[in-house]
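Participant: Below are the sequence and a predicted model; questions follow.
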Amino acid sequence: MTIAFLFIALFVLMFIGIPVAISLGLSGAMTILFFSNDSVRSLAIKLFETSEHYTLLAIPFFLLSGAFMTTGGVARRLIDFANACVGHIKGGLAIAAILACTLFAALCGSSPATVAAVGSIVIAGMVRSGYKQDFAAGIVCNAGTLGILIPPSIVMVVYATATETSVGKLFMAGVVPGLLLCLVLMVTIYIIARIKNMPSLPRASMKEVLAAGRKAIWGLLLIVIILGGIYSGMFTPTEAAAVAAVYAAFVAIFVYKDMTIRECPKVFVEAGKLSVVLMFIIANAMLFAHVLTTEQIPQSITAWVVEQGFSPIEFLIVVNIVLLIAGTFMEPSAIILILAPILFPIAMQLGIDPIHLGIIMVVNMEIGLITPPTGLNLFVTSAVTGMPLTRTIVAVAPWIMVMLAFLILVTYVPFVSMALPNWLGM
């Protein structure tokens with residue numbers, strides 16, 4: 001009865017138009033009021049504990065770093081470098097867009113930020129070079145999802161917080177799947193470009209490649225600083241996020257000089273707005289997860305699944321279906337915080353590695369970001385291009401099939417996720 005009321009209350013509240021964050025908090029509070037012996041005061045305590053969670057500090061810092069990188073011209077230089085490297089290949093500008101999204105994803109940890117930063121420059125350039133706007137928009141919207149798969153990833157930080165797993169190990173586990181998805185998208189574009197005879201840029205000389213690389217080096221160094229600092233033990237992922245924010249500000253203001261100190265307050269406000277929205281969702285989702293835990297709901301579901309005799313393969317099929325459905329109408333961080341506490345103990349019981357489960361959840365969230373009606377990347381792409389949302393959805397639709405094929409690969413070939421962490425002895 002308690003389980004039914006909790007989830008029915010959540011979906012009814014969302015259905016009548018109440019924001020997801022408030023729906024999460026209200027459904028949890030009502031469940032405690034009507035069905036639990038727990039005190040309502042425990043919700044206030046849990047809310048306070050959420051604000052104290054050290055790992056979550058990484059989120060506003062990574063958002064601030066991304067804001068400085070976007071405003072400070074780093075995205076433009078990464079795009080120029082990508083064009084110099086692969087622009088001469090058939091469909092080269094589209095392939096360069098994928099590479100630029102991959103590089104920017106390794107700086108900011110956010111998919112919508114990746115789409116906004118790269119798409120605002122690349123899509124117009126592709127249209128001028130002879131590509132159809134719909135094709136360009138579909139590519140960037142899809143490639144922008146790499147923002148949460150390639151480390152540092154805000155969604156991975158949220159998963160690590162919800163399941164108390166290692167952020168560093170999750171980051172490492174995302175490297176190979178992220179690069180593999182980048183390669184899959186590039187090969188797909190190359191095949192389409194050969195069939196449709198799409199344009200390519202003139203081949204850049206080695207001198208031009210090196211010149212573009214030299215201009216982009218300050219942005220590329222941030223990848224080394226973040227991942228190198230974490231895995232050398234120099235600092236924790238949360239400290240790495242703080243270092244990234246300071247470094248991004250220094251590069252934007254004093255190295256590239258694309259922005260002035262007077263413009264900093266605007267960047268702080270933009271990053272602050274995103275941080276408040278995301279942290280409010282996380283705080284309310286933590287309340288929801290608290291109710292799940294106090295009412296022993298994950299344990300009950302785990303016992304039921306074990307009784308049904310599900311194999312790991314069957315369980316992962318169910319996991320993917322549930323996550324794909326949830327991804328169509330909820331924000332990734334909220335989904336992770338609601339479902340991870342439920343799925344995590346079942347996965348452990350069935351012998352599924354929690355890091356592997358984390359990567360599966362992140363890839364599902366990627367697909368959710370490009371799935372209507374609430375896919376964030378769709379709204380950002382529509383805003384960047386000026387295309388109607390319905391047209392943007394049609395442009396992205398073919399790429400969802402590629403993403404689903406990639407999801408199957410990641411789900412049933414754990415080696416893809418676990419190879420690098422195991423090789424590093426993590």
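Facilitator: The structure has been received and is ready for your questions. What you see is a predicted model, and the numbers here were worked out from it, not measured in a lab. Residues are numbered from 1 along each chain as shown.
Participant: For residue 99, what is the enclosing helix or strand?
Facilitator: Using DSSP states H and E, residue 99 sits in helix 92-108.
Participant: Mind exporting the C-alpha coordinates of that helix to PDB?
Facilitator: Output in PDB follows, covering the C-alpha atoms of helix 92-108 (Å, rounded to 0.1, in the frame of the first residue of the first chain):
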ATOM      1  CA  GLY A  92      34.300  16.200 -42.400                       C
ATOM      2  CA  LEU A  93      32.500  19.200 -40.900                       C
ATOM      3  CA  ALA A  94      29.900  16.900 -39.400                       C
ATOM      4  CA  ILE A  95      32.600  14.600 -38.100                       C
ATOM      5  CA  ALA A  96      34.400  17.600 -36.700                       C
ATOM      6  CA  ALA A  97      31.200  18.600 -34.800                       C
ATOM      7  CA  ILE A  98      31.200  15.100 -33.100                       C
ATOM      8  CA  LEU A  99      34.900  15.500 -32.200                       C
ATOM      9  CA  ALA A 100      34.300  19.100 -30.900                       C
ATOM     10  CA  CYS A 101      31.400  17.800 -28.700                       C
ATOM     11  CA  THR A 102      33.600  15.000 -27.400                       C
ATOM     12  CA  LEU A 103      36.400  17.500 -26.500                       C
ATOM     13  CA  PHE A 104      34.000  20.000 -24.900                       C
ATOM     14  CA  ALA A 105      32.200  17.100 -23.000                       C
ATOM     15  CA  ALA A 106      35.500  16.400 -21.300                       C
ATOM     16  CA  LEU A 107      35.500  19.900 -20.000                       C
ATOM     17  CA  CYS A 108      32.000  20.600 -18.700                       C
END
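Participant: tell me the contacts of residue 230?
Facilitator: 168, 171, 236, 237, 240 (Cβ atoms under 8 Å, 6 or more residues apart in numbering). In this view, the C-beta of every residue, glycine as well, is placed from N, C-alpha and C.
Participant: name the element it belongs to?
Facilitator: Going by DSSP H and E, residue 230 is in helix 206-231.
Participant: sorry, back to before: for the contacts of residue 230, which single residue is the most surrounded?
Facilitator: residue 240 (27 neighbours; other Cβ atoms under 10 Å).
Participant: close enough to count as contact, it and residue 231?
Facilitator: No: taking contacts as Cβ atoms under 8 Å, residue 240 lies outside contact range of residue 231: 9.9 Å.
Participant: I'd like the average pLDDT over the helix holding residue 99.
Facilitator: Mean pLDDT, computed over helix 92-108, is 87.
Participant: quick check: angle from the helix or strand following that helix to helix 92-108?
Facilitator: Next along the chain after helix 92-108, taking DSSP H and E as the criterion, comes helix 111-128. Angle of helix 111-128 versus helix 92-108, following axes from the mean of the first three to the mean of the last three Cα atoms, to 10 degrees, is 160 degrees.
Participant: And the strands in this protein, which stretches?
Facilitator: Read by DSSP state E, the chain holds no strands at all.
Participant: Mark which of the contacts of residue 230 are part of helices, please.
Facilitator: Of those, the ones assigned to helices by DSSP state H are 168, 171, 237, 240.
Participant: Include distance to residue 101 when you put those residues into JSON lines, please.
Facilitator: JSON lines is the format used below for these (distance: Cβ to Cβ, whole Å):
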{"residue": "168", "distance to residue 101": "24"}
{"residue": "171", "distance to residue 101": "18"}
{"residue": "237", "distance to residue 101": "22"}
{"residue": "240", "distance to residue 101": "21"}
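Participant: Of the residues you listed, which is the nearest to residue 133?
Facilitator: The closest of the ones in helices among the contacts of residue 230 to residue 133 turns out to be residue 171 (Cβ to Cβ; 34.7 Å).
Participant: Just want to check the distance between the closest one and residue 252.
Facilitator: 24 Å (Cβ to Cβ, to the nearest Å).
Participant: same thing with residue 156?
Facilitator: Distance from residue 156 to residue 252, by Cβ to Cβ: 25 Å.
Participant: so where is the stretch 1-150 of the chain shaky, pLDDT-wise?
Facilitator: The stretch 1-150 of the chain contains residues with pLDDT under 70 at 1, 38, 40, 46, 49-53, 55, 72.
Participant: Residue 94 contacts residue 136, correct?
Facilitator: Yes: using Cβ under 8 Å, residue 94 makes contact with residue 136 at a distance of 7.2 Å.
Participant: out of the two, which sits in the more crowded spot?
Facilitator: Neighbours were counted for residue 94 and for residue 136 using other Cβ under 10 Å; residue 94 has more, 31 against 24.
Participant: how close does the more buried one get to residue 193?
Facilitator: 7 Å.
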